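[1] Sequence first, then the predicted structure:
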Amino acid sequence: MYLSIIRGAATGPARAPGAVPSTVVGLGLVSLITDISAEMITAVLPLYLMYGVGVGFLHLGAIEGLYAGATAVLRLAGGYLADRLGKPKAVAVAGYGLSALAKLGLPAAGGWLPGISLAIAADRAGKGIRTGPRDAMITLATPADTLGRAFGVHRAMDTTGALLGPLVATGLIALAAGYHAVFAVSFALGLTGVLVLVFFVPTPTAPPPPRARVAPRVALATLTAPGVRRACLVAALLGLVTIGDMVLYVAVQQRAGLPAGVLPLLPLGTALTFLLAAAPVGRLADRLGRWRVFLAGHGLLLLAYLLVGFAATGWVGAALALGLHGLFYAATDGVLMAYVSPMFPTALRSTGLAAVQTAQALARAAGAVAVGAALQFTTVPTAFAGLAVLLGAAIAIGARLGRPA
């Protein structure tokens, strides 16, 4: 209700049929800039940690778990606060701002692993705060029958940033600017994203309609519906066997026999595929069923596991594995949010979305640590074969439960 009522309301007569609301485009631009900042760090972090600081798969998996889990710590708090105050944009600004400031902690930490971990935790906590309110703003500005398309467009713009981030980071390293230059530019871009959100994403010209305060008891009740519980359960179960990006990229680099110097460029394979597929897959999910597409996306991830474990040799094998990884994100990231959002009333939309995201993020954090430990003490083919079996079982359970509605 907040942003769709101004500047030619997203659902009003001024908007052409099928057009993406201006709020979605504005938030997509913020995500694009922010993701350049974030993916600069994500691209160089495995190289920095494994070949600079000297950590192994066990430590990398633990940091990957922190990367995923820290977002979950404040997801519910951010979503609930946005609903309680009725100001999702203000809460989203706070989250984006915290992530931008956290980038300064990386150069300050030097090579000290606890300091690096603290900076990563702060960055991911900011992501956790902003995600629920941002996605709620998208749903409030978009008709229910085109939510898949709207999330697909937003994720495509977000992924454009993910595509550019590694290129910027690699360019800085190639110019011998060093890791500190990467961290500094990342901070500057993160701050730019905050400013764009504050000044260029439209805000209401008049106060929003009065709304009842959201009591904690009522907020918690949103999780009691059978469909919501099953959605959280299946998302968490699948999250437990979803490998973290950094660990995957290192595994692909090693299994494909690629030089360590190309590691920051591997996210481009995932990001390019995600960029091209996000909007079309979102439209496909609107037509064929969002839950069906969500499960099919995890089937693509299973194929990626088998490819990395047994057939990813050379550039071609690496490109195929990363392409499947990108298709997995296109079929799951925005599609899950588009599917579950109608389950929640408007007044609790941020809280509900954050609850599902929290279940998924906590599970992925635990899975990242477990996968890192498995890779530390066994071979890549063995670890990825086990992951494929477990993921197949999780997909079967999700299909067995059916559409959790």
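    Yep, it's here.

[2] how about low-confidence regions in the protein?
    Along the chain, segments meeting pLDDT under 70 span 1-18, 73, 111, 176-177, 203-224, 312, 402-405.

[3] could you pull out the strands for it?
    Using DSSP state E, the chain contains no strands.

[4] Spell out for me which residue occupies the centre of it.
    What sits nearest the mean C-alpha location of the chain, by C-alpha atoms, centre = their mean, is residue 333, with 6.7 Å.

[5] Residue 386 touches residue 374, doesn't it?
    Yes: at 7.0 Å, residue 386 and residue 374 qualify as touching, with contact defined as C-beta atoms under 8 Å. Every residue, glycine included, has its C-beta placed from N, CA and C.

[6] what do these two both touch?
    Taking C-beta atoms under 8 Å, 6 or more residues apart in numbering as the contact criterion, no residue touches both residue 386 and residue 374.

[7] between the two, which one's more packed in?
    residue 374 (20 against 16; other C-beta atoms under 10 Å).

[8] And the closest residue to that one other than its chain neighbours, how far from residue 264?
    Closest residue in space to residue 374, ignoring its immediate chain neighbours: residue 383 at 4.3 Å, by C-beta to C-beta, 6 or more residues apart in numbering. From residue 383 across to residue 264, the span is 23 Å (C-beta to C-beta, to the nearest Å).

[9] What is the burial count for the nearest residue to residue 198 once chain neighbours are set aside?
    For residue 198, ignoring the flanking residues on the chain, the nearest one in space by C-beta to C-beta, 6+ apart is residue 93 at 6.0 Å. Using other C-beta under 10 Å, residue 93 has 20 neighbouring residues.

[10] Just to check, residue 93 is in contact with residue 196?
    No: with contact defined as C-beta under 8 Å, residue 93 does not reach residue 196; the gap is 10.6 Å.

[11] so who does the nearest residue to residue 74 once chain neighbours are set aside touch?
    Excluding the flanking residues, the one nearest residue 74 by C-beta to C-beta, 6+ apart is residue 128, at 4.2 Å. Applying C-beta under 8 Å, 6+ apart, we find residue 128 in contact with 70-75, 78, 95, 361.

[12] coming back round to it: which residues sit in contact with the residue nearest to residue 198?
    130, 194, 197-198 are the contacts of residue 93 under C-beta under 8 Å, 6+ apart.

[13] thinking again about what came up before, could you check how many residues crowd around the residue nearest to residue 374?
    The burial count for residue 383: 25, using other C-beta under 10 Å.

[14] Ok, residue 194 next?
    When neighbours are counted by other C-beta under 10 Å, residue 194 comes out with 22.

[15] That one contacts residue 96, correct?
    Yes: counting by C-beta under 8 Å, residue 96 is a contact partner of residue 194 at 4.8 Å.

[16] Out of the contacts of residue 128, which comes closest to residue 329?
    residue 361 (14.6 Å; C-beta to C-beta).

[17] State the distance from that closest one to residue 68.
    6 Å.

[18] again with residue 129
    To residue 68, residue 129 is 15 Å away according to C-beta to C-beta.

[19] Also residue 188?
    Where residue 68 is concerned, residue 188 sits at a distance of 26 Å (C-beta to C-beta).

[20] neighbour count winner among those two?
    In this view residue 188 and residue 68 are compared by other C-beta under 10 Å, and residue 68 has more residues nearby, 24 against 11.

[21] Great, nothing more from me.
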